[in-house]
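Visitor: Pasting the sequence and the predicted model now:
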Amino acid sequence: MLSIRNLHASVEAKQILKGLDLEVKAGEVHAIMGPNGSGKSTLGNVLAGREAYEVTAGEVLLDGKDLLELSPEDRAREGVFLAFQYPVEIPGVSNINFLKTALNEVRAYKGLPPLEAKEFLNKVKERQKLVEFDAKLANRSLNEGFSGGEKKRNEIFQLAMLEPKLAILDETDSGLDIDALRIVARGVNQLRSKDNAFIVITHYQRLLDYIVPDFVHVLYNGRIVRSGTKELALELEEKGYDWIKETVDAEGAV
Amino acid sequence: MLDEVATDIMITQVSDSLYTQLIKTYGGNLPSSEPHSLDEIRKQAFERFKSTGFPTVKQEDWKYTNVQPLVNRQHYALDTETLSAAIAIDKAIIPGLDAYRVVMVDGKYNADLSTAKDIPGLSVMPIDQAFERLCFAKYFSEYADKTDNPFVALNTALFTSGLFIEVGKNCQLQKPVHVIHVASASKPSFTQVRNLYVMSTFAEAEIIESFITNEGAAHSLNNTVSEIVVRENAKLQHYYLQVAGSQGNYLNHTEVYQEKHSLYNNYNCSFPGAAFIRNNINVRLGDSEVESHLYGVTLTADNQLVDNHTIVDHRKPHCESYEWYKNITQDTSTAVFNGKIFVRPDAQKTNAFQQNNNMLIGEKSAVYTKPQLEIFADDVKCSHGCTIGQFDNEALFYLQARGISEAQARVLLVHAFAFDVTSRFANAIVREYVEHLVEQGLKAG
């Protein structure tokens, strides 16, 4: 589904990603772990098309289509979804109006007619239930007055509404207490299918107890330096990131 | 290219400014009609104008709004003859609005296109037919001419047309009155229009005014003065929808006088088009228990200038005023906001709120804003605030990352910005229309 080859990216002339390779197939969950500053969030933002990030080399294909050529909205319409680390509050834009606009733009891109008001509201209700997001959305502005946890859960709810092919969760666990973490994870697990894929970016192993990944990759200094199964995450948790830094730096020195 | 050169030559050849043209034409020869009590008022007003002339940017109230190019570089016809057959009012139509319609062509009442006739409690007529009325004698020039706006003095001295509306005692109009002002003259013209609207005691009405330009109309300078009296317990919802073309230049002075327990709400909306707009909206809260709301949405584009000057004058105790203006500027346009609130010594227990927010979209656009509070009473609650910002790129990206196009995301964000004001529109149909105009007026990218 997604293939990233030799990806180099910089922000404000600082090189962050330095030759990243990753293959994600439909039905898989990949966890990306790594110490602070290793480029985890940069990867999410580059995939979603944030303007400040400049791709200096490499390619990203989504089902064979060159993702880097597309505007952020077209990437979303092609099925890329970034759950933000810091979801934005937009006073004056209602949650419902926002969702309807987004959903219908994605549908229009696929040549589908807009959803009828009733169908739409039924879907909202059904998906809210699925991801256990019970915040009142009607007559409320997008993320306005939401707690940190509610904002993150709203991201998962949007994910459930838009049903992307590839979801990237950028530190969705940060700032969540253990109960909220469980709910978010349950929501994600409900949405997993053989047709979609997840990239879960996280600093801690904790989230991976709930969202069990098929693969774990360790990002360090802009490259994936270790790949393995979920046991790698446990090993990391035990030995800490210094273990990675030391071994990788030692390899580099050789 | 050739055209430009030709225009330049023409401009240098016209040495007469509008001021000398007016003095030459009207000095000792002011419009006159029965009853002659008007003659003296006109004479005095003309003297006032003669002594001040047109304002310059050296005057604080006109610092950012230079009328000199308008009154110096163009030769105007002072009296316009229009052919009503060719007037199209479709540009003013508000989808879904069922209203009594009044059409004013270059300030003159057009009976053929107007439908606000024979409605119980509603009197609509050309202003010169109202001269004999008691309420005309009582309110005409009573408040507007107390201000130092030279354009009011000029208007009082020289107007010959305009609109008179009276909503009778206890009358609650079933439909809004939609007044459509059409600029149509085929030669550059200077029009002066005078309106007087009187809301009798316990009357309730909604007046929606649209400003449009007829196909093929020439450059025009329109100096309009509207005097509005809202009597005891009366309520008026008043909308200005400025959708004229780029040939249009407008000076609109609105002077509102409110009596006890009355409500006046003004919704002042300007959109890309008219090159020059200066609105003066003054509300005098003349008695206690009065409520006034002033809302504004201004979306500018190209090289437009839209200047809104407002005065909220609290004269008596226990009154409330609420003012919120939003400006969105694109391209090289300019928006000016000046909001003055007076709280006079008598006006204890006043509650006055004012807010002005600005969103600069065009990198070369400009906003000048000046909130002013002058409080002479000691037991009052007053607040004012002002912000200037740009598009929030984080919010734009967030919306785009959900599949919303950049253009649509901008529309959403501008709607969101205007929401504090548009959500307060009493008329949902007008609100929808205004939101649509905002969407239409926003440029891609």
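Guide: Thanks, I have the structure now.

Visitor: where exactly do the strands run in chain A?
Guide: Under the criterion DSSP state E, chain A contains strands at A:2-11, A:14-24, A:29-33, A:53-62, A:65-66, A:80-83, A:90-94, A:141-142, A:166-170, A:197-201, A:215-220, A:223-228.

Visitor: Could I get these in JSON lines, plus columns for mean pLDDT?
Guide: Written out in JSON lines, the entries for the strands of chain A read as follows (pLDDT from 0 to 100):
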{"stretch": "strand A:2-11", "mean pLDDT": "95"}
{"stretch": "strand A:14-24", "mean pLDDT": "94"}
{"stretch": "strand A:29-33", "mean pLDDT": "94"}
{"stretch": "strand A:53-62", "mean pLDDT": "95"}
{"stretch": "strand A:65-66", "mean pLDDT": "94"}
{"stretch": "strand A:80-83", "mean pLDDT": "96"}
{"stretch": "strand A:90-94", "mean pLDDT": "89"}
{"stretch": "strand A:141-142", "mean pLDDT": "92"}
{"stretch": "strand A:166-170", "mean pLDDT": "95"}
{"stretch": "strand A:197-201", "mean pLDDT": "96"}
{"stretch": "strand A:215-220", "mean pLDDT": "93"}
{"stretch": "strand A:223-228", "mean pLDDT": "91"}
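
Visitor: mind checking which of those strands is nearest A:Ser41?
Guide: Of all the strands of chain A, the one in closest proximity to A:Ser41, counting by Cβ to Cβ, is strand A:166-170 (5.6 Å). For every residue, glycine as well, the C-beta is placed using N, CA and C.

Visitor: Now the element after the strand or helix carrying B:Glu47, going C-ward?
Guide: Using DSSP states H and E, the secondary-structure element containing B:Glu47 is helix B:37-52. Scanning forward in sequence from helix B:37-52, with DSSP H and E defining helices and strands, the next element found is helix B:68-72.

Visitor: looking just at contacts, which helices and strands does that following helix meet?
Guide: Using 3 or more Cβ pairs under 8 Å, 6 or more residues apart in numbering or on different chains; DSSP states H and E as the contact definition, the elements that helix B:68-72 packs against are helix B:18-26.

Visitor: contact partners of the helix it packs on?
Guide: Residues from elsewhere that reach helix B:18-26 (Cβ atoms under 8 Å, 6 or more residues apart in numbering or on different chains): B:16, B:46, B:50, B:53-54, B:71-72, B:74-76, B:78, B:154, B:157-158, B:190, B:221.

Visitor: burial of residue 152, as a residue count?
Guide: Chain wasn't specified; assuming chain A. When neighbours are defined as other Cβ atoms under 10 Å in any protein chain shown, A:Lys152 has 27 of them.

Visitor: meant chain B actually
Guide: Neighbours of B:Val152 under the rule other Cβ under 10 Å: 26.

Visitor: so it makes contact with B:His253?
Guide: Yes. Taking Cβ atoms under 8 Å as the definition, B:Val152 is a contact partner of B:His253 at 5.3 Å.

Visitor: so what sits against both of those two?
Guide: Going by Cβ under 8 Å, 6+ apart, residues that sit against B:Val152 and also against B:His253 are B:144, B:225.

Visitor: mind listing what whatever residue of the stretch 51-200 of chain B ends up closest to chain A touches?
Guide: Proximity to chain A, evaluated over the stretch 51-200 of chain B using Cβ to the nearest Cβ, is greatest for B:Gly96 at 18.5 Å. Residues near B:Gly96 by Cβ under 8 Å, 6+ apart: B:429, B:432.

Visitor: One more: the one 5 residues further on?
Guide: By Cβ under 8 Å, 6+ apart, B:Arg101 lies in contact with B:113-116, B:177-178, B:180.

Visitor: what helix or strand is B:Thr298 on?
Guide: Using DSSP H and E, B:Thr298 sits within strand B:291-300.

Visitor: quick check, that strand touching chain A?
Guide: No. Where contact is defined by Cβ under 8 Å from any Cβ of the partner chain, no part of strand B:291-300 touches chain A; the two come within 12.9 Å at best.

Visitor: What pLDDT does the model give the residue lying closest to A:Glu132 once chain neighbours are set aside?
Guide: Closest residue to A:Glu132 apart from its sequence neighbours, by Cβ to Cβ, 6 or more residues apart in numbering or on different chains: A:Ile183 at 5.0 Å. On the pLDDT scale, A:Ile183 is placed at 89.

Visitor: Pretty sure A:Ile83 sits against A:Ala167.
Guide: Careful, residue A:83 is Ala; it's not Ile. Yes. With contacts defined as Cβ under 8 Å, A:Ala83 counts as touching A:Ala167 at a distance of 6.6 Å.

Visitor: Between these two, which contacts overlap?
Guide: Both A:Ala83 and A:Ala167 are in contact with A:Leu159, where contact means Cβ under 8 Å, 6+ apart.

Visitor: and whatever residue of the stretch 51-200 of chain A ends up closest to chain B, what does it touch?
Guide: Evaluated by Cβ to the nearest Cβ, the stretch 51-200 of chain A has A:Gly92 as its residue closest to chain B, separated by 2.8 Å. In this structure, A:Gly92 makes contact with A:141, B:415-420, judged by Cβ under 8 Å, 6+ apart.

Visitor: Once you drop chain neighbours, what's closest to it?
Guide: Across the structure, with Cβ to Cβ, 6+ apart as the measure, the residue nearest A:Gly92 apart from its sequence neighbours is B:Ala416 (2.8 Å).

Visitor: I am finished for the moment; much appreciated.
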